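**Student:** sequence plus predicted model, see below.
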Amino acid sequence: MTEPSLKEKTARGLLWGGLSNGLQQGLNLLFGILLARMLTPADYGMVGMLTIFSLIAGTLQESGFISALANRREVSQRDYDAIFWFSAGVSLVLYVALFFLSPLIARFYGEPELTALARYSFLGFLMASLGTAPSAYLFRGLMVRQKAQAAVVALVLSGTVGVVLAYHGFAYWGIATQSLVYTATVTACYWIFSGWRPTLRIDFRPLRGLFAYSSRLIVTNLFTHVNNNFFSVILGRFYTGADVGNYNQANKWNTMGHSLISGMVGGVAQPVLARVGDDAGRQARVFRKMLRFTAFVSFPAMLGLSLVAPELITIAVTDKWAASADILRLLCVGGAFVPVTTLYSNLILSQGRSSWFMRSNIVQGLVQLAAALLLYRFGLYVMFTVYVAINIAWLLVWHAMAHRTLRLTLLSAMTDILPFAAVAAGAMAVAHLAAAPLTSVYAVFAVKVVVAAVVYVGVMYLFGAATLRESMDYLFKKRSRHD
């Protein structure tokens, strides 16, 4: 059998990434709706206050080695062994430290119940550490399908557990258990699908060649997690648990939206761009093609989610979450640019420029954190509006870094991005006007979705958008092969 070309592998990765992420977000949506109907904003707020600590600990145990291995020409068993034992050891030390720090976390938020909940929830990154090396094996091998299957199995099992526990009144304990079941299942599936097993040889010397690159990712990811989750800390400290819950509900929907595209592209972007890194011209062409595809999908999806946010929240999780709808509308505007930023960051990483990646994320995180701390007294929506504006503006910083290596002009990038953004925005405006006379929340939702989709695809078709044509050609070609 002929070895698939890089183009074919990329297309397969994008197809599997899209299908798997779509299925995953669909499952997240289903279980999220069921849980949100049974739980309260305060329940979500309790778990949300701990999220940032788990993410920081998870970043330290993973240490950027998954991405570092993807850039290596040759990888051996010794490399994977070193990552496995390092990750497991670091996570154990971190768990012990956080176990004893849990009372201080509870005191910071003024919630005594957080002590026990924290000690229970933090078991998650301890479990995840056992899957770092198998995950690196799957990622480097572009084994997108296997990672997708692991995620789907974990979502079904953990979601079922979460719903059952919520139904029986376990409140935030059910949410925490759902997260632990998800992590344990994903880790187990990574072991099964990768076929990789560690040896008992503990030798950290192979990490020396990875650490210069990965250490920058550690710092970067720490700031990224702080940047993405500091609102939970600020709201938990200066507002109420219900405000944390409403923000987390809105952010969950926003993340489900942009993660669908980011996950699809991010699953193949860095490995593919790294493989063509020896030819700058080819790398630029591959990047621009990915950029157009990302913009083609991201802007209608995320601006559409912003458009239907009030109706979606009411229909899906009832009016008790109505306060989260306005937050969601704002976050989705910024979320439309997240997959584009993710692609740029994968380009920078594929070139081994982890120091650039680190500096950009650190400065952005510090700017957004400083803005939130200065503006929190002016209300939630002022903070969120400024946060979104900084996210969008920072795309120029990412482009400046790409320009230094690929000589990609801003005009070229904007030509790849803005037409899709403009058509998507126009389609949303038409859909909003079409639904304006209606009063039924279900009718408004249906009309907005249908009109926006028809207008967007119709305009793309009339103007002969190459990205639409290529996507349809590939999908129908794949379908015809299986008919």
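**Tutor:** Thanks, I have the structure now.
**Student:** can you pull out the helices in the stretch 101-250 of the chain?
**Tutor:** 114-121, 123-129, 132-140, 144-167, 172-194, 208-238, 241-275 (DSSP state H, counting those that start in this stretch).
**Student:** show the contacting residues for the residue lying closest to Ser135 once chain neighbours are set aside.
**Tutor:** Counting by CB to CB, 6 or more residues apart in numbering, Ser135 lies nearest to Tyr190, which is 5.3 Å off, once chain neighbours are set aside. (Glycine included, C-beta is placed from N, CA and C.) Neighbour list for Tyr190: 131, 134-135, 138, 147, 150 [criterion: CB atoms under 8 Å, 6 or more residues apart in numbering].
**Student:** let's go with 7 Å and repeat that
**Tutor:** 131, 134-135, 138, 150 (CB atoms under 7 Å, 6 or more residues apart in numbering).
**Student:** dump the residues you listed to TSV, plus distance to Val459, neighbour count and pLDDT.
**Tutor:** As requested, these are exported to TSV (distance: CB to CB, whole Å; neighbours: other CB atoms under 10 Å; pLDDT from 0 to 100):
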residue	distance to Val459	neighbour count	pLDDT
Gly131	44	23	83
Pro134	44	28	85
Ser135	40	23	84
Leu138	38	22	80
Ala150	38	26	86
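**Student:** please convert those residues to JSON lines, extending it with distance to Asp326.
**Tutor:** Below are the contacts of Tyr190 laid out as JSON lines (distance: CB to CB, whole Å):
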{"residue": "Gly131", "distance to Asp326": "37"}
{"residue": "Pro134", "distance to Asp326": "41"}
{"residue": "Ser135", "distance to Asp326": "37"}
{"residue": "Leu138", "distance to Asp326": "39"}
{"residue": "Ala150", "distance to Asp326": "36"}
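**Student:** which of the residues you listed sits closest to Gly304?
**Tutor:** Ala150 (28.9 Å; CB to CB).
**Student:** got a list of what the closest one touches?
**Tutor:** Ala150 makes contacts with 186, 189-190, 193, as judged by CB under 7 Å, 6+ apart.
**Student:** ok, now with 6 Å
**Tutor:** Counting by CB atoms under 6 Å, 6 or more residues apart in numbering, Ala150 makes contact with 186, 189-190.
**Student:** same thing with Val447?
**Tutor:** Neighbouring residues of Val447 by CB under 6 Å, 6+ apart: 434-435.
**Student:** give me the three-state assignment for it.
**Tutor:** For Val447, the assignment made with DSSP: H, G, I helix; E, B strand; the rest coil gives helix.
**Student:** pLDDT score for it?
**Tutor:** With respect to pLDDT, Val447 has a value of 96.
**Student:** also Thr2?
**Tutor:** 46.
**Student:** redo the contacts of Ala150 as CSV? Include distance to Leu260.
**Tutor:** Putting the contacts of Ala150 into CSV (distance: CB to CB, whole Å) gives the following:
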residue, distance to Leu260
Val186, 18
Cys189, 20
Tyr190, 21
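**Student:** how about the strands in the stretch 351-483 of the chain?
**Tutor:** Counting by DSSP state E, counting those that start in this stretch, the stretch 351-483 of the chain has no strands to list.
**Student:** which stretches in it count as helices?
**Tutor:** Using DSSP H, counting those that start in this stretch, helices in the stretch 351-483 of the chain cover 354-375, 380-393, 395-406, 410-435, 441-462, 466-482.
**Student:** okay, now the nearest residue to Thr255 once chain neighbours are set aside: neighbour count?
**Tutor:** Nearest residue to Thr255, sequence neighbours excluded (CB to CB, 6+ apart): Gly335, at 7.7 Å. Using other CB atoms under 10 Å, Gly335 has 28 neighbouring residues.
**Student:** thought Gly335 was touching Met256?
**Tutor:** No - using CB atoms under 6 Å, Gly335 is not in contact with Met256, being 9.7 Å away.
**Student:** pull the residues that contact stretch 108-116.
**Tutor:** Here stretch 108-116 has contacts from 49, 102-103, 105-106, 236, using CB under 6 Å, 6+ apart.
**Student:** can you report phi and psi for the residue nearest to Thr255?
**Tutor:** The phi/psi pair for Gly335 (degrees, to the nearest 10) reads phi -60, psi -30.
**Student:** now do the contacts for Leu126.
**Tutor:** Contacts of Leu126 were listed using CB under 6 Å, 6+ apart, and they are 91, 95.
**Student:** so how far is Leu418 from Ala322?
**Tutor:** For Ala322, the distance to Leu418 equals 34 Å [CB to CB, to the nearest Å].
**Student:** and for Val454?
**Tutor:** For Val454, the distance to Leu418 - CB to CB - is 22 Å.
**Student:** and if you look at Ala284?
**Tutor:** Taking CB to CB, one finds Ala284 at 19 Å from Leu418.
**Student:** for Val444, same thing?
**Tutor:** 29 Å.
**Student:** of these two, who's got more company?
**Tutor:** Val444 (22 against 12).
**Student:** I'd guessed the more buried one sits against Leu438; true?
**Tutor:** Yes - using CB under 6 Å, Val444 and Leu438 qualify as a contacting pair, with a distance of 4.9 Å.
**Student:** ok so, going back, got CSV for the helices of the stretch 351-483 of the chain, with distance to Ser121 too?
**Tutor:** Shown next, in CSV, are the helices of the stretch 351-483 of the chain (distance: least, CB to CB, whole Å):
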stretch, distance to Ser121
helix 354-375, 23
helix 380-393, 25
helix 395-406, 33
helix 410-435, 38
helix 441-462, 35
helix 466-482, 40
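**Student:** what's the closest of the ones you listed to Glu311?
**Tutor:** Among these, if distance is taken as CB to CB, the winner is helix 441-462, at 3.9 Å.
**Student:** how far off centre is the closest one?
**Tutor:** Distance, stretch centre to chain centre, for helix 441-462: 26 Å (CA atoms, centre = their mean, to the nearest Å).
**Student:** do the same with stretch 453-469
**Tutor:** Mean-position distance between stretch 453-469 and its chain equals 27 Å (CA atoms, centre = their mean).
**Student:** so for it, mean pLDDT?
**Tutor:** Stretch 453-469 comes out at a mean pLDDT of 87.
**Student:** return the subset of the contacts of stretch 108-116 lying in strands.
**Tutor:** Among these, no member falls in strands (criterion: DSSP state E).
**Student:** point out the least confident one among those residues.
**Tutor:** Lowest pLDDT among those: Gly236, 72.
**Student:** give me the number of residues near the closest residue to it other than its chain neighbours?
**Tutor:** Of all residues not flanking Gly236 in the chain, Met49 sits nearest, at 4.5 Å (CB to CB, 6+ apart). A count of nearby residues for Met49, using other CB under 10 Å, gives 28.
**Student:** was I right to think Met49 contacts Leu235?
**Tutor:** No - in this structure, Met49 is not within contact of Leu235 by CB under 6 Å, at 8.9 Å.
**Student:** run the chain-centre distance for stretch 357-367.
**Tutor:** So, by CA atoms, centre = their mean, the centroid of stretch 357-367 is 18 Å from its chain's centroid.
**Student:** please enumerate residues in contact with that stretch?
**Tutor:** 216, 219-220, 223-224, 226-227, 345, 348-349, 390, 394, 397.
**Student:** in PDB, list the C-alpha atoms belonging to that stretch.
**Tutor:** Included here for stretch 357-367 are C-alpha records, laid out as PDB according to Å, rounded to 0.1, in the frame of the first residue of the first chain:
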ATOM      1  CA  PHE A 357       5.700  32.000  21.700                       C
ATOM      2  CA  MET A 358       6.500  32.400  25.300                       C
ATOM      3  CA  ARG A 359       7.100  36.200  25.300                       C
ATOM      4  CA  SER A 360       4.000  36.900  23.300                       C
ATOM      5  CA  ASN A 361       1.700  34.900  25.600                       C
ATOM      6  CA  ILE A 362       3.300  36.300  28.800                       C
ATOM      7  CA  VAL A 363       3.000  39.900  27.700                       C
ATOM      8  CA  GLN A 364      -0.600  39.400  26.500                       C
ATOM      9  CA  GLY A 365      -1.500  37.700  29.700                       C
ATOM     10  CA  LEU A 366       0.000  40.400  31.800                       C
ATOM     11  CA  VAL A 367      -1.800  43.200  29.800                       C
END
